[in-house]
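**Q** I would like the atomic coordinates for the input below:
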Amino acid sequence: MPPVLHDPESLLVRPGVELRGPEGWDVVFGRRAPLEVEVGFGRDEGLLRRAAAAPGRDFLGVDLRRDRVRTYLGRAAREGLANLRVVEGRAEVVLGVLLPAGRASTVRIEFPDPWPKDRHAGHRLIRPFFLREVRRVLEPGGLLLIATDDPAYGEEMRAAAAEAGGFEGIDAERNGDDATTIFERRGIAEGRPILRLRYRRLP
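**A** Residues are numbered from 1 along each chain as shown. Below is the predicted model of the structure:
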């Protein structure tokens, strides 16, 4: 059976319009189901693939760039993904303001911009204050999945998770549903090591 096509705009979540408050996600999705949040989905197909493979779960993609959001909306609509929504905005704001405590089962942040120059380090996303918001929105036992091909940033990520507290590091081996991303393929081709960090939110 071919996928049911959706209006791309119906998959876009706008605060104050489709989403009337942090507790309104059940209305946005039309049900209550486990929610996976992906930060910075970019041009990669991973979020689309995971949503298609798990119709019993809901997926929320967050990206700052309007062109990426619009492109993704079209792709999701063509694939008939009723369990996927997209928010255009900063991850710090979406997690800090638009998601209630304990609502997400998984937060995935793969290959965030490392901002390698020292003067740009303050732009890096994975810092203790942000991971405290991730911990807040995760349900007890929920998963935080991070990946990078920048060794220095990887060490910062580990330190940030330790400083944020409330996380338990677990086996970082790839799950079967984690196909390689565009950035991972590029990193491997260029000989860079790939670091995957997995954390479970403690009760």
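**Q** and residue 169, what does it touch?
**A** Contact analysis of residue 169 by Cβ atoms under 8 Å, 6 or more residues apart in numbering lists 161, 197, 198, 199. Heads up, the C-betas are built off the backbone N, CA and C, glycines and all.
**Q** I'd say the last one and residue 166 touch.
**A** The reference is to residue 199. No: the pair residue 199 / residue 166 is not scored as a contact, 9.1 Å apart, by Cβ atoms under 8 Å.
**Q** neighbour count for the two, which is higher?
**A** residue 199 (25 against 17; other Cβ atoms under 10 Å).
**Q** are we agreed that the more buried one is in a strand?
**A** Yes: counting by DSSP: H, G, I helix; E, B strand; the rest coil, one finds residue 199 located in a strand.
**Q** name every strand pairing with the longest strand seen in the chain and say which way it goes.
**A** Criterion DSSP state E: the longest strand present in the chain is strand 138-148. The sheet places strand 138-148 alongside strand 104-110 (parallel), strand 195-201 (antiparallel), with pairing taken from DSSP bridges.
**Q** can I get those strands in CSV including mean pLDDT and distance to residue 120?
**A** Shown next, in CSV, are these (pLDDT from 0 to 100; distance: least, Cβ to Cβ, whole Å):
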stretch, mean pLDDT, distance to residue 120
strand 104-110, 97, 18
strand 195-201, 95, 20
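**Q** can you pull out the helices in this structure?
**A** For the chain, the helices defined by DSSP state H occupy 25-29, 46-53, 66-78, 91-93, 128-137, 151-164, 182-189.
**Q** determine which of the ones you listed approaches residue 7 most closely.
**A** helix 66-78 (6.5 Å; Cβ to Cβ).
**Q** what mean pLDDT does stretch 149-159 get?
**A** Summarised as a single mean, pLDDT over stretch 149-159 is 94.
**Q** repeat that for stretch 168-187.
**A** Stretch 168-187 comes out at a mean pLDDT of 67.
**Q** gap between the two ends of that stretch?
**A** One end of stretch 168-187 sits 27 Å from the other (Cα to Cα, to the nearest Å).
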